[in-house]
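compute the structure for the input listed below.
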Amino acid sequence: MKKRGARIKNHRIAPPTLVAMQLAPEVSTQERMAVYALTQPWGDTKHFNVLLDCQHMLTIAAEHKGDREAVEMARFADIAMKNIRDRWKKTGKVRATGDELQALNLLVDYSEGWWKRQSGALFADAFAALDKLRGQQKEAA
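Numbering: from 1, shown residues only. Below is the predicted model:
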């Protein structure tokens, strides 16, 4: 016989990420435009930061879920991001080579598909963790 007691499960209410992406499609467009901007003379650090946030969000959430494939994808994109950052420090221009653009396009495509399969609560938690990380970095600087 089953034990009948009060079992309370607290589930945060958050729309699935797929629904949130349909309600705010500009996020995906912003990431794709940031990749494009790195090929143009008007591309700057704002565009780089958009892609950095995309990569960090994927890393945080994938590590939390234990998704090794997504973590490896984020690390692959991290190599391209570090190369772009190093070039920016040397030349003062935020530009990407062909291989780096391929890696960043792959990151944006993979991230969008991965997030569509995740819960809205995971996205909110990853965003909060990224916000906390940014705050710690600002305090350290």
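
I'd like to know which elements the helix ranked longest in the chain is packed against.
As assigned by DSSP state H, the longest helix anywhere in the chain is helix 68-91. Using 3 or more C-beta pairs under 8 Å, 6 or more residues apart in numbering; DSSP states H and E, the elements in contact with helix 68-91 are helix 45-65, helix 98-116. Every C-beta, even on glycine, is put in place using the N, C-alpha and C of the backbone.

might you list the low-confidence residue ranges for this protein?
The chain contains residues with pLDDT under 70 at 1-23.

what about the residue nearest to residue 57 when sequence neighbours are not counted, how many residues nearby?
Distance criterion C-beta to C-beta, 6 or more residues apart in numbering; nearest residue to residue 57, sequence neighbours excluded, is residue 126 at 5.1 Å. Residue 126 has 22 neighbouring residues, counting by other C-beta atoms under 10 Å.

what sits against residue 126?
57, 60-61, 64 (C-beta atoms under 8 Å, 6 or more residues apart in numbering).

give me that answer again for 6 Å
57, 60-61 (C-beta atoms under 6 Å, 6 or more residues apart in numbering).

name the SS class of it, please.
State at residue 126, reduced to three classes by DSSP: H, G, I helix; E, B strand; the rest coil: helix.

same check on the one 10 residues further on?
Going by three-state DSSP, the secondary structure assigned to residue 136 is helix.
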